[in-house]
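**Student:** Fold the stuff below for me.
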Amino acid sequence: MTEPIDLSTNSLVAISRESLNALRAALFRDLGGTAAAYLQDAGYVGAGQIYEAFERWLKARGGPPATDLTPEDFGRSVADFFAASGWGTLEFSVGENGVAAIESTDWAESVSADGSELSGCYFTTGVLADFFGRIADAPVSVMEAECRSMGGPRCKFLIGTPERLQQIYDETANQ
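**Tutor:** Predicted structure coming up:
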């Protein structure tokens, strides 16, 4: 069983999925496509506290710092932490190309498919970019390759160097 996270001691606050999605909908209604950048920026700015909560959570469980975990333990710990935080269940993996992937069939930010081209988990991409950038101690980019909000069976986030993700984006855009 996943251990709960004490929000008040971790500079975190619980909001409902409905509130997050209402905010997202209102931003897109009022700002159009530029709303994605605002959501991404907000996720990025707040991710430092999420990362610090992850480190404290690992320590409370008797584990080492995130950077000292084996790849297998790291993936399991990330999955357990995000589930305990209410984001949803996820699978974490690293491909042969060095790009990490997070896949989830119940991610908190995704909503029922509404057919909009602007649907996506933009707040999440900001959170994951800063969170994993701290682990890597280098800038990383995050690209959502699939989204339940766009009718996909899952949300799938790719995490890698900005150059590698640009290459992947270019390859998929030319198909």
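**Student:** Find me the pLDDT at the spatially closest residue to Leu39 that is not a sequence neighbour, would you?
**Tutor:** In space, Leu39 comes closest to Tyr122 once its chain neighbours are excluded; the distance is 3.9 Å by Cβ to Cβ, 6 or more residues apart in numbering. (C-beta placed from N, C-alpha, C; glycine too.) Tyr122 is assigned a predicted lDDT (pLDDT) of 93.
**Student:** Mind giving me the packing neighbours of the lengthiest helix in the chain?
**Tutor:** Using DSSP state H to define each element, the chain has its longest helix at helix 35-60. Packing contacts for helix 35-60, counted by 3 or more Cβ pairs under 8 Å, 6 or more residues apart in numbering; DSSP states H and E, involve helix 17-31, helix 71-84, helix 122-136.
**Student:** for Ala42, what are its contacts?
**Tutor:** Going by Cβ atoms under 8 Å, 6 or more residues apart in numbering, Ala42 touches Phe123, Gly126.
**Student:** Also Pro4?
**Tutor:** With Cβ under 8 Å, 6+ apart, Pro4 has these contacts: Ala84.
**Student:** From Gly86, how far off is it?
**Tutor:** Separation of Pro4 from Gly86 (Cβ to Cβ, to the nearest Å): 10 Å.
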